[in-house]
Structure formats: structure tokens, C-alpha cells
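J.: I'll drop the sequence and a predicted model, then ask my questions.
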Amino acid sequence: MKMLKIKDVVMVALLSALYAVVYMLAGSLSMIFGPFGHAISPGICGLVAGSVVYFMCRKVGKFGQFILMQAILLVLFSIMGAGYLPWFITSMIGAVLADVVASREAKPAVWKIAVAAGLAHVGQALGSIIPATFFMESYKEEWMARGQSAEAMDEMVRCSTGILGVLAIIVVFIFAFAGIYIGHAILKKHFEKKEIEEAA
């Protein structure tokens, strides 16, 4: 199992910046679907940014890549005022699981990368689903103190708990999983050409 080198850290940092831009665009797109859209926004990001994650796994392909990408994302969003401890914890757990699944070999199967992406993005989604489910009042108070209305938070809780919460987890995983296969379809020829060049 190879660990990250300096050049790998730089590459992951650059890809993380691109991913963060896509994440913000996906977040805006998810607003079309209202509060439930917020609950599944990590999945929408995973669907749109699957190419970025797939490229990272093929270009870097070392343990710690998901952890580093997730950590950079969390720092960026914390700087913008969106940091939240439960989100940090669940996101990092998801990233660790993703690395365990897809970062212990240089060229993992596409399905392993897809599962890893699903786990990483579900980790992000659980950052609101778990607080809304298990400590709803403090969750609402936290975000109301940051400017959210009581009505908006009630809707957020409704769309992040119970059947809707379970549905959100499933949708996020499926979207992120699909995003990797989209990325694979887009980048397959690029990496096949690189492999031919390296073998020549």
C-alpha cells in the first residue's frame, strides 16, 4: 500500500479546489428540489464531479487521497462559515472508508472506486441527517443562530429524518456511484492512451 508523496498532495489539492467549485454549483442546483435537495446535495455533487474523483483515483491512486480531499473541502467550507463538527466527523469517517475500499491498490476496479465515492458522499450527507435525527433541537439552534429561519430548519429536519432521511442516503450513494461510471466513460480513452505510452 503506497502512501501519498508531495507531488500527490499537490495533485489532490488542485483536484480538491476543482471539486469544491463543482460542489458549490451542485449545491445551487440542489436548491431546485427544496430542502430535500439540500439533503441529497452531496449526491448531486458526486454525480457531477465523478470525473474529478475518478481522475484522482487513477492519477494518484494512493491511500489517503480521499481523506486529504475531504479534509481540504472541510477546511474550505469552514473558512466560508459552513463548518459544522458533526459534518466534519461523518465526512472524515466516509473518507477513511473510501480509502480502505479503493486506495489500497494502484488500479482498483471501477466498481470499487464507485463504492468508495458512494461512501465518501454518504459521509457528507450524514453530517446533517444524523444531527437532525438524533439531536434535532441543538441542530436547529445551531443553524438558526447562523441565520436560518425556524421554518426552514423545520423543513430541513423533515427532509433529513425518517423515510426521507433513508431515501436521501440511498439517492446520494446511487448518484455518487453513477458519477464514477460517467467519469470512467469520459476518461477511459485518456487513461488507456497513457498506459500504452508508458508500456512503449
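T.: Alright, I've got the coordinates.
J.: wait, S51 sits on G183?
T.: Yes. Applying Cβ atoms under 8 Å as the test, S51 and G183 come out as touching, 3.7 Å apart. To be clear about C-beta, it is placed using only N, CA and C from the backbone, and glycine gets the same treatment.
J.: between those two, who's got more neighbours?
T.: Legend: neighbour count by other Cβ atoms under 10 Å for S51 and G183, higher for G183 (25 against 18).
J.: which residues touch the nearest residue to that one once chain neighbours are set aside?
T.: Nearest non-adjacent residue to G183, counting by Cβ to Cβ, 6 or more residues apart in numbering: Y54, 3.3 Å away. Residues in contact with Y54 (Cβ atoms under 8 Å, 6 or more residues apart in numbering) are 110, 113, 180, 183-184, 187.
J.: next helix or strand past the host helix or strand of Y54?
T.: Applying DSSP states H and E as the criterion places Y54 in helix 50-59. The C-terminal neighbour of helix 50-59 among helices and strands, as given by DSSP H and E, is helix 65-79.
J.: quick one, the helix or strand that comes right after that following helix and helix 50-59 angle?
T.: Per DSSP H and E, the first helix or strand lying C-terminal to helix 65-79 is helix 85-102. The directions of helix 85-102 and helix 50-59 differ by 50 degrees, with axes from the mean of the first three to the mean of the last three Cα atoms, to 10 degrees as the criterion.
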